[in-house]
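*Asks:* For reference, the sequence and a predicted model appear below.
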Amino acid sequence: MKLRTLATAALMAVAALGSSLAQAQAKEQFFPLLSYRTGAYAPNGTPWANGKQDYLKLVNARDGGINGVKLTFEECETGYDTARGVECYERLKGRPGVALFDPQATGITFALTDKALNDKIPLITLGYGLSVAQDGLAFKWNFPLMGSYWTAGDILIQHLAKKEGGWDKLKGKKIALVYHDSPFGKEPIPLLQERAKMHGFELPLIPVTAPGLEQKAAWLQVRQARPDYVLLWGWGVMNSTALKEAQATGYPREKMYGVWWAGAEPDVKDVGEGAKGYNALALNTSGTEPKFVQDIMKNVHGKGQGTGPKDEVGSVLYTRGAIIAMLGVEAVRRAQERFGKGKVMTPDQVRWGLENLNLDQKRLDALGFAGVMRPLSTSCADHMGSTWARVHTWDGKKWGFSSDWYEADDQIIKPMVKAGSEKYLADKKLSRRDVKDCQS
């Protein structure tokens, strides 16, 4: 009898221990972090990854997590390789408390879109990925927050039209696209072709084979075409190489305009004065003035827990990484408001949070992001939330803004998004979401 009592007590203790462990585990929201710190894209991928990690660390250190839910994370090195990115996704998607994925590459996003649909896990693709995924009624799990390559291309053409003195002044101009020969580089082409047709400018397309270390043939084409402007759709070492080749061939850097992934410190610092006058889009500011940066310096780096070098904190891509992490955190927080504060959210609940974000200026200020980015508000139908960007220019030593904010033209982009999403649904034999699904 005594043995039976002891056995029962032992079983109860094991059960209690298991329950407490489960509760402890259940209090952790897991953020898988796909990254690339090796290879040709490491100079750009590293600060991006560091910004994401440091912001998650900040939320734990400063706030104790999200309403008491601790944030955990694990990096998985992709090397910007699609197959390795898929492997990372498959390895991490089953972890308890998984919130969402940020693929950190357009090619990986393309490969994960169908998987995320089947697994019901949201993908944040801030400023990259599938442009048509802005349509949340067709792409339930994709969130191209803050912009796509169609909005980027549209804003660049708007800026050039303004620079020339009006849309009619673009007629007869030649605007070349020097692009990374990958899904990333090809994504803006339909929008640019539409604008070229509307305004009568030529659009020479000049691909660069990845990773972009060899561009002499491409810049020979630029020299032969003699374009009025060059749009640079590059990433990693391709960007600095392009600027060096432009310098060598005598193409004016002030007539070059990069996408927002070709406008950070690693793209120009090795070129220095040779890149002076080069322009690129910017989704966010840089610098150490924002409060969230100061908080990271104090609560993370100040305690010896920073992910990368201290002098990198606040750089363009570091800041963008922090924004991505912040949006993921706010999606979890928004989901908790509906599904239970202090609880770990499921990927489906986080998806609801992502399509119900409302980060007005007051909220951004409270988060320490005053002046860093534009307000953002998503919905079931709009998974982008903001289509604003500015142009900044390299003066040989630092970036400085050289334009006001531009908003992408919905009259052009929305019909393209609708047509593209309808084709996607037809090809995949899927149905558009109905109103009831938007409430779930």
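*Replies:* Great, that's in hand.

*Asks:* my guess is Asn358 meets Ser377, correct?
*Replies:* Yes: using CB atoms under 8 Å, Asn358 is in contact with Ser377, at 5.0 Å. From N, CA and C alone the C-beta is placed, and that goes for glycine too.

*Asks:* which residues are common contacts for these two?
*Replies:* Common neighbours of Asn358 and Ser377, using CB atoms under 8 Å, 6 or more residues apart in numbering, do not exist here.

*Asks:* Output the contacting helices and strands for the helix or strand that contains Val230.
*Replies:* Using DSSP states H and E, Val230 sits in strand 229-233. Applying 3 or more CB pairs under 8 Å, 6 or more residues apart in numbering; DSSP states H and E, we find strand 229-233 packed against helix 149-164, strand 175-180, helix 237-249, strand 256-258.

*Asks:* let's see it at 10 Å
*Replies:* In terms of contacts (3 or more CB pairs under 10 Å, 6 or more residues apart in numbering; DSSP states H and E), strand 229-233 is packed against helix 149-164, strand 175-180, helix 183-186, helix 189-199, strand 205-208, helix 237-249, strand 256-258, strand 279-282.

*Asks:* Count the neighbours of Val313 for me.
*Replies:* Val313: 24 surrounding residues under other CB atoms under 10 Å.

*Asks:* Run the angle between the strand holding Val230 and helix 237-249 for me.
*Replies:* Using axes from the mean of the first three to the mean of the last three CA atoms, to 10 degrees, the direction of strand 229-233 lies 160 degrees away from that of helix 237-249.

*Asks:* Would you mind giving the helices and strands packed on strand 229-233 as a markdown table with distance to Ala218 added?
*Replies:* Below are the helices and strands packed on strand 229-233 laid out as a markdown table (distance: least, CB to CB, whole Å):
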| stretch | distance to Ala218 |
| --- | --- |
| helix 149-164 | 19 |
| strand 175-180 | 6 |
| helix 183-186 | 12 |
| helix 189-199 | 16 |
| strand 205-208 | 5 |
| helix 237-249 | 7 |
| strand 256-258 | 13 |
| strand 279-282 | 18 |
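
*Asks:* and of these, who's closest to Asp114?
*Replies:* helix 183-186 (14.4 Å; CB to CB).

*Asks:* And the contacts of that closest one?
*Replies:* If you take CB atoms under 10 Å, 6 or more residues apart in numbering as the criterion, helix 183-186 is touched by 80, 82, 105-111, 128-130, 149, 177-180, 205, 207-208, 210, 212, 232-235, 238, 259, 261.

*Asks:* Give me the average confidence score over it.
*Replies:* Taken as a whole, helix 183-186 has a mean pLDDT of 96.

*Asks:* Please apply the same query to stretch 360-373.
*Replies:* 98.
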